[in-house]
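S.K.: Give me a 3D structure for the following:
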Amino acid sequence: MERRTRTTGEEWFMSADDVMGKKVINPEGDDLGEIADMRIAFPEGRVEYVVLKYGGMLGMGAKRFAVPPEALAYRPGDDNFVVNIDKQRLDDRAGFDEDNWPREADWDLIRSARPTTTPPSREEAEAVARAETPPPEVVTTERVEARRRSR
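M.R.: Next up, the predicted model:
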């Protein structure tokens, strides 16, 4: 039997309160900060991006980045989000000013070459949004063997 690592069309929900303050890491386990806010686009009523608050001390001097929600994967066991962003990229960039929020997410933050256990690429996320199957070159499959337990 085969299954997709990321199933298209699968839905589950979290409240905004559950998302705020969650720790964000990259696939290498580097601490990238926490989700501090989100921007909702109207009249569509969709989350345009989540705000990643990175760095600083005691809430001062932190940088803010507009991360596409499609690029985040939630790890319930660790109770944190994983996003495929290199920590050095956040160090090198200025982020956005708290008084001048961007209109859209910054997809340039997301690395394209990635292991299969990380959040979807932009192409995969757009395919899910269109309710289509992603192109074959971006879908990962794995072999799973199911065995019944004897009682």
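S.K.: quick one: low-confidence ranges for this protein?
M.R.: For the chain, residues meeting the criterion pLDDT under 70 lie at 1-12, 58-59, 113-151.
S.K.: quick one: Asp106 and Val67 touch, right?
M.R.: Yes - with contact defined as C-beta atoms under 8 Å, Asp106 counts as touching Val67 (7.2 Å). Where you see a C-beta, it was placed from the backbone N, CA and C, and this is true even at glycine.
S.K.: For those two, indicate the residue with more neighbours.
M.R.: Val67 (25 against 18; other C-beta atoms under 10 Å).
S.K.: So the more buried one is in contact with Trp107, correct?
M.R.: No - if you go by C-beta under 8 Å, Val67 and Trp107 don't touch, sitting 9.3 Å apart.
S.K.: hang on, the earlier thing: give me the common contacts of Asp106 and Val67.
M.R.: Tyr49 (C-beta atoms under 8 Å, 6 or more residues apart in numbering).
S.K.: From Asp99, how far out is the nearest residue to Lys23 once chain neighbours are set aside?
M.R.: Leaving aside its chain neighbours, Lys23 sits nearest to Asn80 (4.1 Å; criterion: C-beta to C-beta, 6 or more residues apart in numbering). Per C-beta to C-beta, to the nearest Å, Asn80 is found 29 Å from Asp99.
S.K.: One more: Asp92?
M.R.: In terms of C-beta to C-beta, Asp92 sits 22 Å off from Asp99.
S.K.: When those two are compared, which one has more neighbours?
M.R.: Comparing Asp92 with Asp99 by other C-beta under 10 Å, the one with more neighbours is Asp92, at 8 against 5.
S.K.: residues in contact with that one?
M.R.: So Asp92 contacts nothing (C-beta under 8 Å, 6+ apart).
S.K.: Try it again at 10 Å.
M.R.: Applying C-beta atoms under 10 Å, 6 or more residues apart in numbering, we find Asp92 in contact with Asp86.
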